[in-house]
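Undergrad: got a predicted structure plus its sequence, pasted below:
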Amino acid sequence: MKGKVVVIGGGMVGVCCAWFLLKRGWQVTLVERREIGVETSYGNAGVITRGSILPLNNPRLWKSLPGYLGNHSAAVRYDPLYLARHSWWLARFLANARDEQTLRAAAALNELMTRALPVHKALMQEADVLPRLRENGWLKLYRHAERFDSSAYERRIYDHFGVSYQIVEREQIQALEPALQPIFNKGILVTDTASVDNPGAVVQAYAAAFVAQGGVIRQGTVTDARQVGGEFVVSIQQGVNSFAEHADQLVLAAGPWSNQLLKPYGWQLPICYERGSHYHYLPQAGVLPHRPFYDVESAYVMTPTDNGVRVTSGSHLLDIARQAEPLQLQQVLPRVQEALPLASQPVSPLWQGNRPSTPDALPILGALPGVPGVWLATGHQHVGFSTGPVSAKALAALIDGEQPEFDMRPFSPSRFRF
Ligand SMILES: Cc1cc2nc3c(=O)[nH]c(=O)nc-3n(C[C@H](O)[C@H](O)[C@H](O)COP(=O)(O)OP(=O)(O)OC[C@H]3O[C@@H](n4cnc5c(N)ncnc54)[C@H](O)[C@@H]3O)c2cc1C
């Protein structure tokens, strides 16, 4: 054994950090306050695609921005006070929506995304969940063929980075997805894509494999994690009980909650929360689509799951602690019914989660500057389900003092030192 690591956060990112460190011979304890994989890593669309290398804050944002300002958009809503409090984040987010930075971010994300599927497949094989994976692409669909032109920038980025896709017309869309109503006239089939039928179950299977191989999971809320003498003391609350774990290395992978754990170190990462919601429904005709699709003009994604279809919403920028009506989801439901008639009642309760988003659209991976032994793995915004394992594999290499397969500098926490 090399020493002991405590990983905080049992989402896709934390579970994979724990598992890769265990594989490298560390003694690993993973701490999660709830069940494994029930937060953001549960409720996502389960898409693993190189198509996601294009950050949301790309030059196209300037065209869409006027449509967001009224705060009625199904794609993006915001709490004005929250954004005012995070004006630095917003200014940086917008400033990055230009060609040069988009290419830089896409290049960095491409390093993660090109490795995402092979790394997932190896883990799925080991965790015995490979049957949950579908390797049949995903569709970005347009109801009006003329609106398809708005995807030109995206396709340019795909061409630049060699992302495979096909342009599909109405008949091809019907042939690919006979369950859908014939309302889509044009689209993109991104073929460099896979998806899963239950993202939370995949995270839980990875955690079970971690435990089967000798890892330890402690359930409880980390209330404090700080350096005392030559070690880290992690204070954990479980109901009325409290206890401590001691470690040589600490990995903070608490997704949207990571900043709370950084307070003892005097750090606050520039992360904003993009709330997303989902419901599950059963199609009236009982037939599911074969693959996820994005109804671009309506701003929802539909994913076939092992429990009907999952309809996920756009982004709502607001404080993580704030309760909010799922307005965007309610807004898109009539549009969803036009694409695939569904039973009127959902088969699952409303789920909401928060994408932890950085102003440059890149995750935060690496050593916390000035505090040897503390490692960050957070800020995975819209792509953490797919890139969590690659991020974790690379971080484990860094912790062992090795150079990962790709340049980690774009993800370094020190880029936010100001
Ligand atoms: C609607 C929606 C759709 C999405 N679709 C996709 C998609 O198709 N593909 C994709 O790749 N990504 C997608 N994402 C993004 C993806 O879900 C996230 O990037 C990813 O799940 C983040 O994983 P994580 O492990 O960092 O965070 P989480 O899954 O949130 O895990 C963090 C964990 O830390 C725990 N924790 C927090 N504080 C403490 C504490 N003090 N003590 C102990 N434990 C603590 C939490 O309980 C939680 O389990 C989507 C997100 C949303 C919201």
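TA: Now that the structure is in, tell me what you want to look at.
Undergrad: name the residues of the stretch 151-300 of the chain found near the ligand, please.
TA: 221-222, 253-257, 276, 278 (CB under 6 Å from any ligand atom). Using the backbone N, CA and C atoms, a C-beta is placed for each residue, glycine as well.
Undergrad: which SS state does the residue in the stretch 301-418 of the chain that the ligand sits nearest to fall under?
TA: Closest approach between the stretch 301-418 of the chain and the ligand, counting by CB to the nearest ligand atom: residue 384, at 2.2 Å. Secondary structure, DSSP: H, G, I helix; E, B strand; the rest coil: residue 384 is helix.
Undergrad: I'd like the average pLDDT over the strand ranked longest in the chain.
TA: In the chain, assigned by DSSP state E, the strand with the most residues is strand 272-281. Averaged across strand 272-281, pLDDT comes to 97.
Undergrad: next: stretch 181-193.
TA: Taken as a whole, stretch 181-193 has an average pLDDT of 97.
Undergrad: re the thing from before, so which of the residues of the stretch 151-300 of the chain next to the ligand is the closest to residue 240?
TA: Ranked by distance to residue 240 (CB to CB), these are led by residue 221 at 12.4 Å.
Undergrad: backbone phi and psi for the nearest residue to that closest one once chain neighbours are set aside, please?
TA: Sequence neighbours aside, residue 33 is the residue nearest to residue 221 in space, at 3.9 Å (criterion: CB to CB, 6 or more residues apart in numbering). Main-chain torsions, residue 33, degrees, to the nearest 10: phi -80, psi -20.
Undergrad: burial of residue 33, as a residue count?
TA: A count of nearby residues for residue 33, using other CB atoms under 10 Å, gives 19.
Undergrad: contact partners for it?
TA: Residue 33 makes contact with 219-222, according to CB atoms under 8 Å, 6 or more residues apart in numbering.
Undergrad: just checking, residue 270 touches residue 89?
TA: Yes: with contacts counted by CB atoms under 8 Å, residue 270 reaches residue 89, the gap being 5.1 Å.
Undergrad: okay, and the common contacts of those two?
TA: Contacts common to residue 270 and residue 89, judged by CB under 8 Å, 6+ apart, are residue 359.
Undergrad: what's around the closest residue to residue 50 other than its chain neighbours, how many residues?
TA: Leaving out its chain neighbours, the residue that sits closest to residue 50 by CB to CB, 6+ apart is residue 192, at 4.0 Å. The tally of other residues near residue 192 (other CB under 10 Å) stands at 21.
Undergrad: mind giving me the packing neighbours of the helix or strand where residue 261 lies?
TA: Using DSSP states H and E, residue 261 falls within helix 258-262. Helices and strands touching helix 258-262, by 3 or more CB pairs under 8 Å, 6 or more residues apart in numbering; DSSP states H and E, are strand 249-252.
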